[in-house]
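Undergrad: task: produce atomic coordinates for the following.
(chains A and B)
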There are 2 protein chains.
Amino acid sequence: MRRKVTLKQIAKELDVSISTVSKSLRNSLEISEDTRQKVQAFAKLYNYKPNNIALSLKNKKTKTICIIIPEIIHHFFATVISGVEQVANENGYNVLVCLSDESFDKEVINMEMLASGSIDGFIMSLSKETQQKKDFHHIVEVINQGMPVVMFDRITNEILCDKVIIDDGLAAFNATQYLIDKGFKNIGLLTTVDYVSVGKLRTDGYIKALKNNDIKVNEDLIVKIEDTENFEHKIADMLTQNKLDAIFAVNELFAVTAIKEANKLGLKVPQDISIIGFTDGIISKYSSPTITTVSQNGIKMGAKAAQMLIERLEAEDEEDEKYRTEVIETELVERESTK
Amino acid sequence: MRRKVTLKQIAKELDVSISTVSKSLRNSLEISEDTRQKVQAFAKLYNYKPNNIALSLKNKKTKTICIIIPEIIHHFFATVISGVEQVANENGYNVLVCLSDESFDKEVINMEMLASGSIDGFIMSLSKETQQKKDFHHIVEVINQGMPVVMFDRITNEILCDKVIIDDGLAAFNATQYLIDKGFKNIGLLTTVDYVSVGKLRTDGYIKALKNNDIKVNEDLIVKIEDTENFEHKIADMLTQNKLDAIFAVNELFAVTAIKEANKLGLKVPQDISIIGFTDGIISKYSSPTITTVSQNGIKMGAKAAQMLIERLEAEDEEDEKYRTEVIETELVERESTK
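TA: Numbers count the residues shown, from 1 in each chain, chains lettered A, B, ... in the order given. Prediction:
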């Protein structure tokens, strides 16, 4: 029997993006009529079955929820999964995990696949590429067809749904202020590129703390890192070209790499330079020195997200309740990497 | 509309195990007739729909595969997922991840849920509890109904299917021999309890290396750890009660904890004691000193498992090909924790 044709295959065959195929099948006016017709004809010919979420929702509850995470290198996402599992299992729900691998296409494909009746709702953190493209049509569609979505950590204000976040700006402000209170003035920032929403917020918090204390913001001390590989030389350059008292890093991978690069240059942590990270993961706990860090409380974040999703799934009254944004408290865990 | 009743709810309601419910619904003779009748009557009353895998398989291919892992604390499983994703995506397959949380029940529930037409096949590593119970009926059933399963790492010889392993015994033998070659005779072993198949094999490899070199096996130097929490005191006891030259640990969590406990007792690594771990994860890379370790090559393992599963899914000829067991090569990565 002929296999079911997928969005990806249609996209490849017609040499258009997955997003274009998806929008064309929904007859979106964003796509030219010519392309829409071509995609629709092809889909019909090859018997593509678009999902009928509304129908499947009426017919069954799967008691399964899906969490979509961008990657699993960072321990933070593993802790969020633990929190989701805990609350879901207590309430009789199973959990599926999907990885978007920071790819917009994979995010779209995963949502399309699962929204067709395999699960009851989504918990998700946006991929880097989705944040860069600002294309959220796949999420809007899922929500419009009656399937609840709870976003966490990497969210967007362009989607109306329940959200769980930490106050990234405040957490970064507090971490920077902590370094300033110790008398440090030359404080470097290791952050992500600006389109990663949480990276941008943490950068803003750092800048606000400096300004609040009348410390001039020096752009040379702000290093924006795009990839999770081969970024060591950027940190080494920052350390050799500037006389730094301290560094605030927006994740633990950047923090531990900063310790390694400082050591290579003969700088001792914390005697010569203090370092604060973000995310209380296994690296922070097991590196030497152990790393002072902002704890994001991933377990609590996951637990809250699962609770909000299940409440929405089990609400008797289907009237539109207002969407909520819950802010999980962060705390600074003091360890050995700061004086 | 009334929600679909789940295996778990039936088990709870009748105060029997999930395994008993599952077997009763399949009319297994392992279960007393009385219990079978009770479960079947209840399931009928509440409209429980057992999966009809054979039927769904005839009707569609989902182009989705599922990997079931026991937990995500160990970075090893994250690397296997990466390998699976890579090969699956190249071949147009989506990947779902499920966690069994080392629980037999969760393994059964996840397989039951997904085998009902949501996916085409499974890649899995057994939960600790499943290995302890030696109850594999849920896996046998899935295979008997025509859905391929590839097991990796924690496997069992009681199931006939494709498997991907490393030679755990040989890898442990080589790591221990490496320490012996350096002139060490008092070598401690930090391992898991014996029912964890890979832990047992690694213990055997350690013992074999000692015997091969006419070193007496001292049971006091073999510490078997059951939990992943609160085991520090066991390592501290081992270090204070014995004069050790070296330690071989069967995972990186045990290895890094041994370094910490040694340091607390004033022992320097590697000057006073050498330590080798197992699994080349982020802890081994970022701890100080960095840890000499057996690399399990998780990415390669995942890639091979995905390749074997997809080959079986896409085989034109449905004749029973022979099941294969692929052995992935390991290597010793030399770092700072050994002299």
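Undergrad: tell me how far residue A:336 lies from chain B.
TA: 11 Å (Cβ to the nearest Cβ, to the nearest Å). For glycine as for every other residue, the C-beta is placed from the backbone atoms N, C-alpha and C.
Undergrad: which secondary structure element contains the residue of the stretch 51-200 of chain A found nearest chain B?
TA: Closest approach of the stretch 51-200 of chain A to chain B (Cβ to the nearest Cβ) occurs at residue A:97, with a separation of 3.9 Å. Per DSSP states H and E, residue A:97 falls inside strand A:94-99.
Undergrad: before we move on, the earlier item: burial of the residue of the stretch 51-200 of chain A closest to chain B, as a residue count?
TA: Using other Cβ atoms under 10 Å in any protein chain shown, the number of residues around residue A:97 comes to 24.
Undergrad: pretty sure residue A:272 sits against residue A:263.
TA: No: using Cβ atoms under 8 Å as the test, residue A:272 is too far from residue A:263 to be in contact (9.9 Å).
Undergrad: so residue A:223 bridges to which residues?
TA: Residue A:223 has these beta-bridge partners by DSSP bridges: residue A:190.
Undergrad: got the contact list for it?
TA: A:188-191, A:234-235, A:238 (Cβ atoms under 8 Å, 6 or more residues apart in numbering or on different chains).
Undergrad: go with 6 Å
TA: A:190, A:234, A:238 (Cβ atoms under 6 Å, 6 or more residues apart in numbering or on different chains).
Undergrad: what would these look like in a markdown table with neighbour count, pLDDT and distance to residue A:135?
TA: Formatted as a markdown table, those follow (neighbours: other Cβ atoms under 10 Å in any protein chain shown; pLDDT from 0 to 100; distance: Cβ to Cβ, whole Å):
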| residue | neighbour count | pLDDT | distance to residue A:135 |
| --- | --- | --- | --- |
| A:190 | 26 | 97 | 29 |
| A:234 | 17 | 95 | 29 |
| A:238 | 20 | 96 | 33 |
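Undergrad: isn't there a helix covering residue A:150?
TA: No: counting by DSSP: H, G, I helix; E, B strand; the rest coil, one finds residue A:150 to be strand, located in no helix.
Undergrad: and stretch A:300-320, does that touch chain B?
TA: No: using Cβ under 6 Å from any Cβ of the partner chain, stretch A:300-320 stays clear of chain B, with a minimum separation of 9.7 Å.
Undergrad: CA atoms of that stretch as CSV?
TA: Taking C-alpha atoms only, stretch A:300-320 is exported to CSV below (Å, rounded to 0.1, in the frame of the first residue of the first chain):
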residue,chain,number,x,y,z
LYS,A,300,9.0,24.1,39.3
MET,A,301,8.6,25.6,35.9
GLY,A,302,7.8,22.2,34.3
ALA,A,303,5.4,21.4,37.2
LYS,A,304,3.6,24.7,36.8
ALA,A,305,3.3,24.3,33.0
ALA,A,306,1.8,20.8,33.4
GLN,A,307,-0.6,22.0,36.0
MET,A,308,-1.8,24.9,33.8
LEU,A,309,-2.2,22.6,30.8
ILE,A,310,-4.1,20.0,32.7
GLU,A,311,-6.4,22.5,34.4
ARG,A,312,-7.3,23.8,30.9
LEU,A,313,-7.9,20.3,29.6
GLU,A,314,-10.1,19.4,32.5
ALA,A,315,-12.0,22.6,32.8
GLU,A,316,-15.8,21.8,32.8
ASP,A,317,-16.6,25.2,31.6
GLU,A,318,-15.3,25.8,28.1
GLU,A,319,-15.9,29.5,28.2
ASP,A,320,-12.7,31.4,27.4
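Undergrad: go ahead and confirm the residue of the stretch 51-200 of chain A closest to chain B touches residue B:97.
TA: Yes: using Cβ atoms under 6 Å, residue A:97 is in contact with residue B:97, at 3.9 Å.
Undergrad: kindly state the pLDDT recorded for residue A:57?
TA: Per-residue pLDDT puts residue A:57 at 43.
Undergrad: look at the residue nearest to residue A:339 when sequence neighbours are not counted and say how many residues are nearby.
TA: What sits nearest to residue A:339 in space, not counting adjacent residues and going by Cβ to Cβ, 6 or more residues apart in numbering or on different chains, is residue A:270, at 4.5 Å. Per other Cβ under 10 Å, the neighbour tally for residue A:270 reads 18.
Undergrad: name the element residue A:270 belongs to?
TA: Residue-wise, residue A:270 maps onto no helix or strand under DSSP H and E.
Undergrad: what does residue A:277 give?
TA: Secondary structure (DSSP H and E) places residue A:277 in strand A:274-278.
Undergrad: could you pull up the mean pLDDT of that strand?
TA: pLDDT averaged over strand A:274-278 gives 97.
Undergrad: so how far is the helix or strand following it off the chain centroid?
TA: Following strand A:274-278 in sequence order, the next helix or strand is helix A:282-286 (DSSP H and E). Counting by Cα atoms, centre = their mean, to the nearest Å, helix A:282-286 is centred 21 Å from the centre of its parent chain.
Undergrad: I'd like the next helix or strand past helix A:282-286.
TA: Helix A:282-286 is succeeded, C-terminally, by strand A:292-295 (DSSP H and E).
Undergrad: now that next one, how far from the chain's geometric center?
TA: Counting by Cα atoms, centre = their mean, strand A:292-295 comes out at 18 Å from the chain centroid.
Undergrad: elements contacting it?
TA: strand A:274-278, strand A:331-333 (3 or more Cβ pairs under 6 Å, 6 or more residues apart in numbering or on different chains; DSSP states H and E).
Undergrad: whatever helix or strand comes next after it vs strand A:94-99, what angle?
TA: Per DSSP H and E, the first helix or strand lying C-terminal to strand A:292-295 is helix A:298-314. Put simply, helix A:298-314 runs at 120 degrees to strand A:94-99, going by axes from the mean of the first three to the mean of the last three Cα atoms, to 10 degrees.
Undergrad: tell me the buried residues in helix A:298-314?
TA: A:298-310, A:312-313 (16 or more other Cβ atoms under 10 Å in any protein chain shown).
Undergrad: and of the residues you listed, the nearest to chain B?
TA: residue A:313 (10.4 Å).
Undergrad: wait, that closest one sits on residue A:123?
TA: No: with contact defined as Cβ under 6 Å, residue A:313 does not reach residue A:123; the gap is 11.5 Å.
Undergrad: which residue does chain A have closest to chain B?
TA: For chain A, Cβ to the nearest Cβ, closest residue to chain B: residue A:288, 3.3 Å.
Undergrad: count of residues packed around that residue?
TA: 19.
Undergrad: and it, what's its pLDDT?
TA: 84.
Undergrad: which residues touch it?
TA: residue B:288.
Undergrad: give me the number of residues near the nearest residue to residue A:293 once chain neighbours are set aside?
TA: Once flanking residues are discounted, residue A:293 sits nearest to residue A:277: 4.2 Å by Cβ to Cβ, 6+ apart. Here the number of neighbours of residue A:277 (other Cβ under 10 Å) works out to 30.
Undergrad: before we move on, what about residue A:36?
TA: Counted with other Cβ under 10 Å, residue A:36 comes out at 20.
Undergrad: can you tell me the element it falls in?
TA: With DSSP H and E as criterion, residue A:36 is part of helix A:33-45.
Undergrad: which elements pack onto that helix?
TA: helix A:18-25.
Undergrad: and the angle for the one helix or strand residue A:67 maps to with helix A:298-314?
TA: For residue A:67, the element it lies in under DSSP H and E is strand A:64-69. Going by the same axes, to 10 degrees, strand A:64-69 is angled at 140 degrees with respect to helix A:298-314.
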